[in-house]
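J.: Quick check, what structure comes out for this input:
(one chain, ligands or ions: 4)
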Amino acid sequence: MQNLPSTVDLHTHSTASDGELTPSQLVAAAVAAGVSVLAVTDHDCTAGLAEAQTACSEVGLTLIPGVEVSSCWSNMDIHVVGLGINVDDARFQARLQQQMERRSARAHLVAQRLEKLGYPGMFEAAAHAAPQGIPARPHFADALVRAGACGDRKQAFQRYLAQSKPAYVKTEWPELVEAVRWIREAGGVAVVAHPGRYKLTRSKLERLVKAFAEAGGQALEVSVATHGPDMVKQLADLAEKYGLYASQGSDYHGPSMRWVQLGRMPALPGQCRPVLDLLGWKAEQAMR
Ligand code: AMP
Ligand code: MN
Ligand code: MN
Ligand code: MN
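T.: Ligands and ions are numbered 1, 2, ... in the order given. Next up is the predicted model:
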């Protein structure tokens, strides 16, 4: 499906997690791409939002404060985007801190695996470029590339870091229902991130959507840069069936992934209710 330019991009990453651009650089890139409503949705972390808000205010962009929470459903990692969250919510921040502790414990185990595979010192090598000194898998991938173990991030995942590869370590993320509850209790709208990327059968994808809706989830990312036309249609139908809104996002991580661009994704089918309708007042609030 053709990825068309849109002025709304509700899924992006900065250096506050595993993105390549600082929040200010991300905002500048969004402006250059013609985006006027931007959600910054770093993994389990909101540390980039203050800088993003300052940069957005300077150039007249609307920032939707966001996050992408790692969760678990049916023994799989499922990502839940929170849009319009209250960043100052202390309980939410404590919950994100727990997520970072899980990440830290996992990162040490990943480094141990890599050492056994012949790559010592990978924790330090990955941590120096990582926010809070806690490397995510892409930071390990970059460190492996620098160590000459592979040519790029993608290869590092294929050889070492992806599920079932030798340096993969499973993380005990909170259940999907918990992630939804955390986001809603922080005033946010909960959105299933990139539902087409979990490689689910049609029936299992429907079970995920049903479980998510029953947990109080409010939207699906129907339009994602990597979703083909069949997936977009399937998700639009599921959103309609389960009374969910539709979101759209690039899941941009930076310029090196040339096939993903800010504000570029398939058009939302006409049957969808855009999640911005639900976020209207929050977008206004984010402007102030
Ligand atoms: P983590 O949150 O530490 O488990 O790392 C997951 C992140 O790694 C995702 O958000 C993507 O940015 C990146 N990622 C996952 N799979 C791949 C892959 N096959 N190739 C490149 N990047 C990937
Ligand atoms: Mn990522
Ligand atoms: Mn994700
Ligand atoms: Mn993402």
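
J.: So residue 78, which state does it fall into?
T.: strand (DSSP: H, G, I helix; E, B strand; the rest coil).

J.: My error: substitute residue 154 in the last question.
T.: Residue 154 is classified as helix under three-state DSSP.

J.: Residue 145 versus that one, what's the distance?
T.: 10 Å (Cβ to Cβ, to the nearest Å). Bear in mind the C-beta positions are built from the backbone N, C-alpha and C, glycine included.

J.: ditto for residue 4
T.: 32 Å.

J.: Counting neighbours, go ahead and name the busier of those two.
T.: Counted by other Cβ atoms under 10 Å, residue 4 and residue 145 do not tie: residue 145 has more neighbours, with 16 against 11.

J.: In a strand, the more buried one, correct?
T.: No. Applying three-state DSSP, one finds residue 145 to be helix, outside a strand.

J.: Could you pull up the residues touching it?
T.: 151, 152, 153, 155, 156 (Cβ atoms under 8 Å, 6 or more residues apart in numbering).

J.: From the centre of this protein, point out the most distant residue.
T.: Here the chain reaches farthest from its C-alpha mean at residue 118, the gap being 31.0 Å by Cα atoms, centre = their mean.

J.: Is that residue in a helix, a strand, or coil?
T.: Of the three states, residue 118 takes coil under three-state DSSP.

J.: Let me know the distance separating it from residue 150.
T.: In terms of Cβ to Cβ, residue 118 sits 13 Å off from residue 150.

J.: With residue 82 instead?
T.: 33 Å.

J.: quick one, which of these two is more surrounded?
T.: residue 82 (28 against 17).

J.: right, and the more buried one touches residue 187 too?
T.: No. With contact defined as Cβ atoms under 8 Å, residue 82 does not count as touching residue 187 (9.1 Å).

J.: quick one, what contacts the residue lying closest to residue 99 once chain neighbours are set aside?
T.: In space, and not counting its chain neighbours, residue 99 is closest to residue 44: 3.8 Å by Cβ to Cβ, 6 or more residues apart in numbering. By Cβ under 8 Å, 6+ apart, the residues touching residue 44 are 17, 67, 68, 69, 70, 96, 99, 100, 103.

J.: tell me, which of these make contact with ligand 4?
T.: residue 68 (Cβ under 5 Å from the ion).

J.: Which pLDDT value goes with the spatially closest residue to residue 262 that is not a sequence neighbour?
T.: The shortest distance from residue 262 to any non-neighbouring residue, by Cβ to Cβ, 6+ apart, is to residue 33 (3.9 Å). On pLDDT, residue 33 comes in at 97.

J.: was I right about residue 33 contacting residue 6?
T.: No. Under the criterion of Cβ under 8 Å, residue 33 makes no contact with residue 6, lying 9.4 Å away.

J.: Settle it for me: which of the two has more neighbours?
T.: Using other Cβ under 10 Å, the more surrounded residue of residue 33 and residue 6 is residue 6, with 23 against 18.

J.: wait, what's in contact with the more buried one?
T.: 35, 248, 263, 264, 265, 267.

J.: Is there a quick PyMOL command that grabs whichever of these are buried?
T.: This is the PyMOL syntax for the buried subset of the contacts of residue 6, where burial follows 16 or more other Cβ atoms under 10 Å:
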select buried, resi 35+248+263+264+265
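
J.: List the ones among the contacts of residue 6 that fall in strands.
T.: Of the positions in the contacts of residue 6, 248, 264, 265 sit in strands, assigned by DSSP state E.

J.: Now do the same for the residue in the stretch 101-250 of the chain positioned nearest to ligand 3: its pLDDT.
T.: At 4.7 Å from ligand 3, residue 193 is the closest residue in the stretch 101-250 of the chain, using Cβ to the ion. Per-residue pLDDT puts residue 193 at 98.
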